[in-house]
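Novice: sequence plus the predicted model coming up.
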Amino acid sequence: MKTDYAGIDYSHGKSNVDGKGFHYGVINYNVVGSAWYEEAQPNYGEFDHEDEDYIDPISWYIDYEDLQAECSDDYGDIFITKSPYYTWCQYCSPCAPGAGYLVNWTEEGVGAKAYCFDHDWFDSGKAPYPVYRVSDGSFVAPDCD
């Protein structure tokens, strides 16, 4: 949902942001859909003498060369910490200071410049926000338009 309100960076630029100036993107796995369920791997953490077939994972993650994301909270929020894509969006609440809440997208230059998933991650074939390439800032149109 487009918004004109950029939100507040409660971290003052000190958390949930990388050294390149991109903020981590946050989106619920229910918004992303089946691609997350198919691609994410379980993280069982470190454990002693337990069989991972009988314990629940502490998180789910994706760790590709150009894409890193993890969902570790009970609310189903995915944190995208590396991606070849970004969008402009509203800053998250104090719960994730400095991160960008992807579904509340803003005009270019307003709010957080946050890593995001591209259109292929969504069942509809279209992300719920505008997508730009990190490499050159170009707009990425969905194939379904």
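Specialist: Cool, got the structure. Numbers count the residues shown, from 1 in each chain.

Novice: direction included, what does the helix or strand of the chain with the lowest mean pLDDT pair up with?
Specialist: Lowest mean confidence among the helices and strands of the chain (mean pLDDT, DSSP states H and E): strand 41-43, at a mean of 91. Strand 41-43 pairs in its sheet with strand 59-63 (antiparallel), by DSSP bridges.

Novice: ok now do Tyr37, which residues does it touch?
Specialist: Each residue near Tyr37 by Cβ atoms under 8 Å, 6 or more residues apart in numbering is listed here: Tyr29. Glycine gets a C-beta too; all of them are placed from N, C-alpha and C.

Novice: ok, now Tyr5?
Specialist: Counting by Cβ under 8 Å, 6+ apart, Tyr5 has contacts Gln90, Thr106.

Novice: try 10 Å
Specialist: With contact taken as Cβ atoms under 10 Å, 6 or more residues apart in numbering, Tyr5 is in contact with Gln90, Tyr91, Asn104, Thr106, Val110, Gly111.

Novice: assign a three-state SS to it, would you?
Specialist: Three-state call for Tyr5 (DSSP: H, G, I helix; E, B strand; the rest coil): coil.

Novice: average pLDDT for stretch 132-145?
Specialist: Averaged across stretch 132-145, pLDDT comes to 92.

Novice: what does stretch 61-77 contact?
Specialist: Residues from elsewhere that reach stretch 61-77 (Cβ under 10 Å, 6+ apart): 24-32, 35-36, 39-43, 57-60, 78-85, 92, 95-96, 99, 101, 115-118, 121, 134.

Novice: with just CA atoms, put it into CSV.
Specialist: Extracted in CSV, the C-alpha atoms of stretch 61-77 (Å, rounded to 0.1, in the frame of the first residue of the first chain):
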residue,chain,number,x,y,z
TYR,A,61,16.5,-18.8,6.0
ILE,A,62,17.7,-18.2,2.4
ASP,A,63,21.4,-17.8,1.9
TYR,A,64,22.3,-17.4,-1.8
GLU,A,65,25.3,-15.5,-3.2
ASP,A,66,23.2,-12.4,-3.9
LEU,A,67,20.2,-12.9,-1.6
GLN,A,68,20.0,-13.4,2.1
ALA,A,69,16.8,-13.5,4.2
GLU,A,70,15.6,-15.0,7.5
CYS,A,71,12.4,-15.4,9.3
SER,A,72,12.9,-16.0,13.0
ASP,A,73,10.0,-14.4,14.8
ASP,A,74,6.6,-15.8,15.8
TYR,A,75,4.9,-13.2,13.6
GLY,A,76,6.3,-14.6,10.3
ASP,A,77,8.4,-11.5,9.4
